[in-house]
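*Asks:* here is a sequence together with a model predicted from it:
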Amino acid sequence: MKRTKLIVALSVALFAAFLIQAQSFQNLNFEQADPIVVPGTLYVTESSALPDWTVTIGVVEKTQITENGPSLGSPWVSLVGPGDEYNTPIDGNYSVYLQGSFPASAAISQTGLIPADTQSLTFEAEPIWQTQPAGSLELQIGSQVVPFAALATGPNYTLYGANIAAWAGDTEQLTFTAMQDSNDLNNWELDDISFSTNVVASPEPNMVALSAIGGLLFGARKWFARR
């Protein structure tokens, strides 16, 4: 009898683990936000403002963020919602605001099942308050950086797309990061992330990268010619 109960318990545990592992991505448009203020502070709980997402500044996971309260220069993640005097949501009631700056990047991530018929991932984003050329927004699946390209422009955003067919049917971590780079104000508003069955062409390598590769090949040719 005890052996039967143990088998049943193990089966239930394994099934529950499978369901967790195979859970689809949630709250990709950030509309499930229901911000709860942390008593005595200007912060809201991360779990109520960005359900299903994890927020990290550098390598530190954050349990509190702000609603309608962007940083004035430090790396930060905030929720853009109704009544924000600085920004308006890209779509619907809420967007997320990623601010990469010295000394760290700012990121949101979530682990879930990428639908089996997925060809591409699309999202709406726009650099904010950047007087210099826009800084880097990075998309990762697992530990791999995935290139993306602009597909169209809207009234207050650019629609971007990435070819992610290689991960279709896999359970992976999806991460968006406003990088810490030479742009002191590397701020990005993000919204409406979506998995699509439409094919998006992989972005072409940029000319800087091609020039660098060409230079390396030319140098290698000269080196071998001297041998």
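*Replies:* Yep, that arrived.

*Asks:* who does the residue nearest in space to the middle of the chain bridge with?
*Replies:* With distances taken as C-alpha atoms, centre = their mean, residue 176 lies nearest the centre of the chain, 1.8 Å away. Judged by DSSP bridges, the bridge partners of residue 176 are residue 108, residue 139.

*Asks:* same deal with the one 10 residues further on?
*Replies:* For residue 186, the beta-bridge partners under DSSP bridges are residue 100.

*Asks:* check contacts around it.
*Replies:* Counting by C-beta atoms under 8 Å, 6 or more residues apart in numbering, residue 186 makes contact with 99-101, 127, 130, 134-136, 178-180. Any C-beta I mention is one placed from the backbone N, CA and C, and that applies to glycine too.

*Asks:* which of the residues you listed fall within strands?
*Replies:* In strands, defined here by DSSP state E, the members of those are 99-100, 127, 178.

*Asks:* and those, which is closest to residue 184?
*Replies:* Distance to residue 184 across those (C-beta to C-beta) is lowest for residue 100, with 9.7 Å.

*Asks:* type out the PyMOL command that picks the buried ones from the contacts of residue 186.
*Replies:* Remark: buried members of these, expressed as a PyMOL selection using 16 or more other C-beta atoms under 10 Å:
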select buried, resi 99+100+101+127+134+135+136+178+179+180
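
*Asks:* make CSV out of the contacts of residue 186 and add distance to residue 71 and pLDDT.
*Replies:* Output for these, formatted as CSV (distance: C-beta to C-beta, whole Å; pLDDT from 0 to 100):
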residue, distance to residue 71, pLDDT
99, 5, 95
100, 10, 94
101, 7, 91
127, 15, 93
130, 14, 67
134, 17, 66
135, 14, 76
136, 18, 91
178, 11, 97
179, 15, 95
180, 13, 90
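
*Asks:* how far away is the residue nearest to residue 117 when sequence neighbours are not counted from residue 155?
*Replies:* Among residues not flanking residue 117 along the chain, residue 197 sits closest, at 5.2 Å (C-beta to C-beta, 6 or more residues apart in numbering). In this structure, residue 197 and residue 155 are 26 Å apart, going by C-beta to C-beta, to the nearest Å.

*Asks:* so those two - more neighbours on which side?
*Replies:* residue 197 (11 against 5; other C-beta atoms under 10 Å).

*Asks:* didn't the more buried one look like it was pressed against residue 116?
*Replies:* No. In this structure residue 197 lies outside contact range of residue 116 using C-beta atoms under 8 Å: 10.2 Å.

*Asks:* give the contact list for the residue nearest to the centre of the chain.
*Replies:* 98, 107-109, 123, 137-140, 190, 193 are the contacts of residue 176 under C-beta under 8 Å, 6+ apart.

*Asks:* circling back to that earlier point, how about the ones in strands among the contacts of residue 186 in a markdown table, adding distance to residue 168?
*Replies:* A markdown table is the format used below for these (distance: C-beta to C-beta, whole Å):
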| residue | distance to residue 168 |
| --- | --- |
| 99 | 32 |
| 100 | 29 |
| 127 | 30 |
| 178 | 27 |
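
*Asks:* quick check, nearest of these to residue 37?
*Replies:* residue 99 (20.7 Å).

*Asks:* how far away is that closest one from residue 36?
*Replies:* Using C-beta to C-beta, which is the criterion applied here, residue 99 is 22 Å from residue 36.

*Asks:* filter the contacts of residue 176 to the buried ones?
*Replies:* 98, 107-108, 123, 137-140, 190, 193.
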